[in-house]
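Student: Predicted model, plus sequence, below.
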Amino acid sequence: MRSTLYAVGRLGLIFFFASLLITVAALVSCLSAEEDRLRTLPRWAWVLIILFFSPIGGIAWFIVSRADAAPRRNVWRQGSGFPEAQRPGRPLAPDDDPEFLRRIAKEAKETQAADRELLSKWEMDLRRREEELRKQEKPED
């Protein structure tokens, strides 16, 4: 008699956790599903069914959502209403904008030219100083 109670208790515990798992999985699936998968009822109604009729509501959700898993071709999806040329414009990324790339190349050339000029001034100054030091080191005869 005692072993039967333990077996029933274990079986009840297994059913409880299975029911809890189905309910949580169905809620997560329902709340993260795209709008076009909710074909029969609105999302709030599915959430109530899953919560109040656990685990039957969760099982019903999985059956209904699986039947609609194949993509429908006549459904309007976001962004598919306009041809590519007529879609509202978005700002281009800097590496895709030709004007930005031209401007960067021009600025790089200007910077390189300024750097070369500064370097040549430094070299001339260094040569002048070296010559002055050589003259100072040479005793004048």
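Tutor: Nice, thanks for sending it over. Numbering: from 1, shown residues only.
Student: Least confident secondary structure element in this protein?
Tutor: helix 56-67 (a mean of 83; mean pLDDT, DSSP states H and E).
Student: gap between the helix or strand just after that one and the chain center?
Tutor: Next in sequence after helix 56-67, counting helices and strands by DSSP states H and E, comes helix 98-137. With Cα atoms, centre = their mean, to the nearest Å as the basis, helix 98-137 stands 44 Å off its chain's centre.
Student: same check, this time on stretch 31-41
Tutor: Per Cα atoms, centre = their mean, the centroid offset for stretch 31-41 relative to its chain is 22 Å.
Student: For it, measure first residue to last.
Tutor: Terminal residues of stretch 31-41 are spaced 13 Å apart (Cα to Cα, to the nearest Å).
Student: for stretch 39-48, same thing?
Tutor: Termini of stretch 39-48 sit 16 Å apart (Cα to Cα).
Student: Of all the residues in that stretch, which ones are buried?
Tutor: 46-47 (16 or more other Cβ atoms under 10 Å). Any C-beta I mention is one placed from the backbone N, CA and C, and that applies to glycine too.
Student: what residues does it touch?
Tutor: 27, 30-31, 33, 38, 49, 57, 61, 64, 68 (Cβ atoms under 8 Å, 6 or more residues apart in numbering).
Student: where does the chain have low pLDDT?
Tutor: 1, 37, 66-90, 139-141 (pLDDT under 70).
Student: so what are the domain limits for it?
Tutor: 1-71, 93-141 (automatic domain parsing).
Student: Ranking those domains by mean neighbour count, which comes first?
Tutor: domain 1-71 (a mean of 13; mean count of other Cβ atoms under 10 Å).
Student: Now do the same contact list for residue 62.
Tutor: 26, 29.
Student: and if we set it to 10 Å?
Tutor: Contact partners of residue 62, counting by Cβ atoms under 10 Å, 6 or more residues apart in numbering, are 22, 25-26, 29-30, 50.
Student: Ok, residue 103 next?
Tutor: Applying Cβ under 10 Å, 6+ apart, the residues near residue 103 are residue 97.
Student: Report the separation between it and residue 110.
Tutor: Separation of residue 103 from residue 110 (Cβ to Cβ, to the nearest Å): 11 Å.
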